[in-house]
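Visitor: here is my input, please return the structure:
(chains A, B, C and D)
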There are 2 protein chains.
Amino acid sequence: MKFIIRNRSILLYGASLAVLLLIMKWLEWRLIIIDHTFELYAGAVAVLFTALGIWLSNKLTRPKTNTIIVEKEVVVEAGDFILNEVELTRLGLTSREMEVLQSIADGLSNQQIAERLFLSLNTIKTHSSKLFEKLEVQRRTQAVEKARKLKIIP
Amino acid sequence: MKFIIRNRSILLYGASLAVLLLIMKWLEWRLIIIDHTFELYAGAVAVLFTALGIWLSNKLTRPKTNTIIVEKEVVVEAGDFILNEVELTRLGLTSREMEVLQSIADGLSNQQIAERLFLSLNTIKTHSSKLFEKLEVQRRTQAVEKARKLKIIP
DNA sequence: TTTTGCCTCATACTTTAGTATGATTTTAAT
DNA sequence: ATTAAAATCATACTAAAGTATGAGGCAAAA
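Guide: Alright, predicted model coming up:
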């Protein structure tokens, strides 16, 4: 039963064909029209079945879909600082040295850093000196530059 | 097997055609229709133009366009520096001061900057002093910090 | 033409930064 | 318990950075 419902188009097509031919036969037998109307018949059949074909095609073939995938670029914030822990461990910076480095990057003077970390000025100097050694730089500005490049500070 | 399932519509169509021809044959025998070329011709025309209709339909119907917008994340590298010209003009930094600022941000010493720009050390000091005044800072590290924050250097 | 802003440089000075060395203490690992 | 690394601080020194002031040249604007 399901089969009939699902394929009723095709069955209808077959039925209509049969009906048409029956009509043709009947006409042929009834009116004995053979001569001139033959071409007309053929034309009518052609037109009719072309239309039928178009209708069938529309009914049966699943609708064509051209799927156009448009890639929309979504800009992701680049402000995602990911600490390069590889470099950090490679350099062997201690926690105090990191604090000092961060403070230097914040633009603080040694004196200010000392006050911030509750240490003496000399201690800051010692830390920064060792820091510069490990970073292989000579000045605090260079240290900031390099640290930024190595992604160990934002 | 897959072929059969996928093309069952076409196969059914063929089958119905065959059935139709059988019916025609039966009619021919039953009604004693001598001239059977007409039926054959009409059938052929029907089939042909049905096929033409299907083909035409397929050719002429415009495919539905399914536009799928895929959001593609684009991670913008750190190279997305856009110079804040508003701030720059507001601060009134001269070209030389900008060059010095950039050099300072590169981690160069005043001596190195002097050599890079073919100027004397004192000139660099003068420039940097005026630069710090305009940026309202006291040290070169602070200048770099602020300039970066104001987006006047990368 | 005069003014103005910019660039250049110098001298003199102060402040900050950075180096070298050594000592003590804390902390963590062997 | 011993060792090693880290952290703290000090002294002494050098180097670099930063300030203040003035002056000459130069090009564009008033």
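
Visitor: stretch A:114-134 near chain B at all?
Guide: No: when contact is scored as C-beta under 8 Å from any C-beta of the partner chain, no part of stretch A:114-134 falls within range of chain B; the minimum is 11.3 Å. Heads up, the C-betas are built off the backbone N, CA and C, glycines and all.

Visitor: what's in contact with that stretch?
Guide: The contact list for stretch A:114-134 (C-beta atoms under 8 Å, 6 or more residues apart in numbering or on different chains) reads A:91-93, A:96-97, A:99-101, A:103-104, A:108, A:110-111, A:113, A:138-140, A:142-143.

Visitor: recalculate using a threshold of 6 Å.
Guide: Outside of stretch A:114-134, the residues within contact range by C-beta atoms under 6 Å, 6 or more residues apart in numbering or on different chains are A:91, A:93, A:96-97, A:100-101, A:110-111, A:113, A:143.

Visitor: any of these buried? List them.
Guide: A:91, A:93, A:96-97, A:100-101, A:110, A:113, A:143 (16 or more other C-beta atoms under 10 Å in any protein chain shown).

Visitor: just the residues you listed: which are in strands?
Guide: Among the buried ones among the contacts of stretch A:114-134, no residue falls in strands (DSSP state E).

Visitor: and those residues, which two are furthest apart?
Guide: Between all members of the buried ones among the contacts of stretch A:114-134, the longest pairwise span (C-beta to C-beta) is found for A:91 and A:110 and amounts to 20.9 Å.

Visitor: measure the residue in chain A positioned nearest to DNA strand D to residue B:119 for me?
Guide: Closest residue of chain A to DNA strand D, C-beta to the nearest atom of the strand: residue A:94 (2.6 Å). From residue A:94 over to residue B:119 the distance is 39 Å, taken as C-beta to C-beta, to the nearest Å.

Visitor: who has more neighbours out of these two?
Guide: Legend: neighbour count by other C-beta atoms under 10 Å in any protein chain shown for residue A:94 and residue B:119, higher for residue B:119 (16 against 12).

Visitor: who in chain A is up against DNA strand C?
Guide: Applying the criterion C-beta under 7 Å from any atom of the strand, the portion of chain A that neighbours DNA strand C consists of A:104, A:109-111, A:122, A:125-126, A:128-129, A:132, A:138-141.

Visitor: need the helix or strand of chain A with the lowest average pLDDT.
Guide: Lowest mean confidence among the helices and strands of chain A (mean pLDDT, DSSP states H and E): helix A:2-6, at a mean of 50.

Visitor: still on that earlier bit, taking the residues of chain A next to DNA strand C together, which two end up most distant?
Guide: The most widely separated members of the residues of chain A next to DNA strand C are A:122 and A:141, with 21.3 Å between them, by C-beta to C-beta.
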